[in-house]
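Enquirer: what shape does this take:
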Amino acid sequence: SEVQFRPYRTDDFITRLYYETPRLTVLNQTWVLKARVNDSERNPNLSCKRTLSFQLILKSKINSPMECSFLLLEGPYDDVKIHPVIYHFVFSNENNETDYMALPILDSVECNKLLAAKNINLRLFLFQIQK
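Expert: This is a model prediction of the structure:
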């Protein structure tokens, strides 16, 4: 599924930039991806080393735990270099969001390319593991 992260800002006194996708349907479930810059450090604008981390959130209610593998890769028409890393997580109604995981971008230059764009376009691959 192709996903598009859109930029948002928090309402805090010192606003923080974060990204979120619209809801998407994969495996007959509703999902959202969130991303943050430099793990929401206080002043990421003062850092020359930039990173993005993301979180996958299950919005649907499920009857039984759902074990999944997922990865993010560059989207269409993007030339950002991402090392494919496969993540695993067991989703349930009580545990419906992953921890923030580093988006495996090659370096800060590649991260800055993503942040310079209005929206970040990536591809999400999500697989359910059958037992």
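
Enquirer: so Tyr18 sits right up against Asn38, yeah?
Expert: No - counting by Cβ atoms under 8 Å, Tyr18 stays clear of Asn38, with 11.0 Å between them. Quick note: C-beta positions are derived from backbone N, CA and C, even for glycine.

Enquirer: more crowded one of these two?
Expert: Asn38 (19 against 16; other Cβ atoms under 10 Å).

Enquirer: just want the most central residue of the protein.
Expert: Phe54 (3.2 Å; Cα atoms, centre = their mean).

Enquirer: pull the contacting residues for it.
Expert: 33-35, 72, 100-101, 103 (Cβ atoms under 8 Å, 6 or more residues apart in numbering).

Enquirer: Ala117: neighbour count?
Expert: Counted with other Cβ under 10 Å, Ala117 comes out at 12.
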